[in-house]
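J.: Mind looking at a prediction? Sequence and model below.
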Amino acid sequence: VHAGEMVLINSEQPHEIKTQGGECTLMGIQLSPDLIAEDVPEFPHVHFDESRIHELPGSVYRNIERILPEVMEQYLTKPHLYELYCKSQMRLLLYALLKYLPYRVLTEEQSQTQKNQNDRLQRLIQFVKENYKNNIRLSDFAEREGRSLSHISHFVQEMMHQSFREYVDLVRYNTACKMMMTGRYKMLDICMECGYSDYRYFSKSFLNRTGLTPENYGRQLVG
């Protein structure tokens, strides 16, 4: 997603937002299906096939570009009748999405399967969050789920587009960066606290991601 672009994320759709260097400011709006549930009862099961909003006709896209900042300002400042304004504009937005973007209406079975997958993904994320400091193993999570290691391994790759080991390393790396930013910890302490098996592995992880050693990267973070 480039500067000024908009992207649509479906309900219950796993996603990750990160910047590839530099700072980034995002405006996010979460829409409740209740806004149009009376008029479009199937909307909770709608799955848009196109995530790029710029596929909308030019005039529609420009109108949404103009309206969204206004909705944000109204919602944050809360002037008289702001609720009515925000809801009416969001209903118009949903009308435009349904009119111009391709979508499917999932069956109850498909919706339930999607929910089950996302519930499992949330359990996996929580499992890593609770155990990344230790010698964490995907086989332990597979056993909890009552599934084979092969099945869960494919599940992780499909849902997260990376291996379990890559995701654990990402969690450790992000945690290490947060600790570095405080300027209060020694690098060896960060290495041990974040679950790296040894300092060489810790250093290699930062070199691969940033091209810098942990010491040099840490100095950049604290200015």
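T.: Nice, I can see it.
J.: Flag every buried residue along the lengthiest helix in the chain.
T.: Counting by DSSP state H, the longest helix found in the chain is helix 108-131. By neighbour count on 16 or more other C-beta atoms under 10 Å, the buried set for helix 108-131 is 111, 114, 120-121, 124, 127-128, 131. The way it works is simple: take the backbone N, C-alpha and C, and place the C-beta from them, glycine included.
J.: Residue 105 against residue 49, yeah?
T.: No - between residue 105 and residue 49 there is no contact under C-beta atoms under 8 Å: 11.5 Å.
J.: who has more neighbours, those two?
T.: residue 105 (13 against 9; other C-beta atoms under 10 Å).
J.: does the more buried one have beta-bridge partners, and which?
T.: In this structure, residue 105 bridges to residue 46 when assessed by DSSP bridges.
J.: what residues are up against it?
T.: 42, 45-47 (C-beta atoms under 8 Å, 6 or more residues apart in numbering).
J.: could you redo the last one with a cut-off of 10 Å?
T.: Contact analysis of residue 105 by C-beta atoms under 10 Å, 6 or more residues apart in numbering lists 40, 42-47, 111.
J.: Quick one: the helices in this structure, in order.
T.: Assigned by DSSP H, the helices in the chain fall at 58-77, 82-100, 108-131, 138-145, 149-160, 164-182, 187-193, 199-210, 214-221.
J.: Can I get those helices in JSON lines including distance to residue 6?
T.: Shown next, in JSON lines, are these (distance: least, C-beta to C-beta, whole Å):
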{"stretch": "helix 58-77", "distance to residue 6": "7"}
{"stretch": "helix 82-100", "distance to residue 6": "10"}
{"stretch": "helix 108-131", "distance to residue 6": "23"}
{"stretch": "helix 138-145", "distance to residue 6": "35"}
{"stretch": "helix 149-160", "distance to residue 6": "24"}
{"stretch": "helix 164-182", "distance to residue 6": "26"}
{"stretch": "helix 187-193", "distance to residue 6": "37"}
{"stretch": "helix 199-210", "distance to residue 6": "29"}
{"stretch": "helix 214-221", "distance to residue 6": "31"}
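J.: rank those helices by pLDDT, which is bottom?
T.: In terms of mean pLDDT, the lowest-scoring of the helices of the chain is helix 214-221 (a mean of 88).
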